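Novice: Predicted structure and sequence below. I'll ask about it afterward.
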Amino acid sequence: IKHDSIVIEISGHCDFSEQNIQTLSLERAQYYKAYLVDHGIHPDRLIPKGYADTRLILSKAEQNNMSDLEKKEAKKYNQRATLSLIRTDFKP
């Protein structure tokens, strides 16, 4: 709210084992957009995008070498949303 000229991309990410990952990753990003809009951020300043499993933190190969418990924890790293500054010239 303080920096009302910035535009942010909200990137949704999924783990490779999830169903409908493209849809789910976009829905994850849209959820965070709705949250921020509900808290006073102008909706045109937020760009939600779904990246599915194209930007994994822990790859399938890395997870294959883990125990079941470790895999469960590892999924949390891939199932995430990130924010990126796109530009600083927004005007409503």
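Specialist: Received it, and whenever you're ready, just let me know what you need. Numbering: from 1, shown residues only.

Novice: May I see the buried residues of the longest helix along the chain?
Specialist: Secondary structure of the chain per DSSP state H: the longest helix is helix 21-38. Residues 21, 24-26, 28-30, 32-33, 36 are the ones in helix 21-38 that count as buried (16 or more other Cβ atoms under 10 Å). C-beta here means a position set from N, CA and C on the backbone, and glycine is covered the same way.

Novice: same thing with stretch 63-77?
Specialist: Neighbour-count burial for stretch 63-77, counted by 16+ other Cβ under 10 Å, picks out 63, 71, 74-75.

Novice: quick one: that stretch to chain centroid distance?
Specialist: 19 Å (Cα atoms, centre = their mean, to the nearest Å).

Novice: what sits up against that stretch?
Specialist: Stretch 63-77 has contacts (Cβ atoms under 8 Å, 6 or more residues apart in numbering) with 15, 17, 57-58, 62.

Novice: In ChimeraX, how would I select the buried members of those?
Specialist: Buried subset of the contacts of stretch 63-77, written as a ChimeraX selection, criterion 16+ other Cβ under 10 Å:
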select :15,58
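
Novice: Tell me which two in the contacts of stretch 63-77 are the farthest apart.
Specialist: 17 and 57 (14.1 Å; Cβ to Cβ).

Novice: if we can go back for a sec, so for the contacts of stretch 63-77, which is the shakiest by pLDDT?
Specialist: Here the lowest pLDDT out of the contacts of stretch 63-77 sits on residue 17, with 74.

Novice: ok so, going back, can you redo the buried residues of helix 21-38 as CSV, where the extra columns are pLDDT and distance to residue 3?
Specialist: Listed next are the buried residues of helix 21-38 as CSV, based on pLDDT from 0 to 100; distance: Cβ to Cβ, whole Å:
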residue, pLDDT, distance to residue 3
21, 89, 32
24, 92, 30
25, 94, 26
26, 96, 25
28, 95, 24
29, 98, 20
30, 98, 22
32, 97, 17
33, 98, 17
36, 97, 13
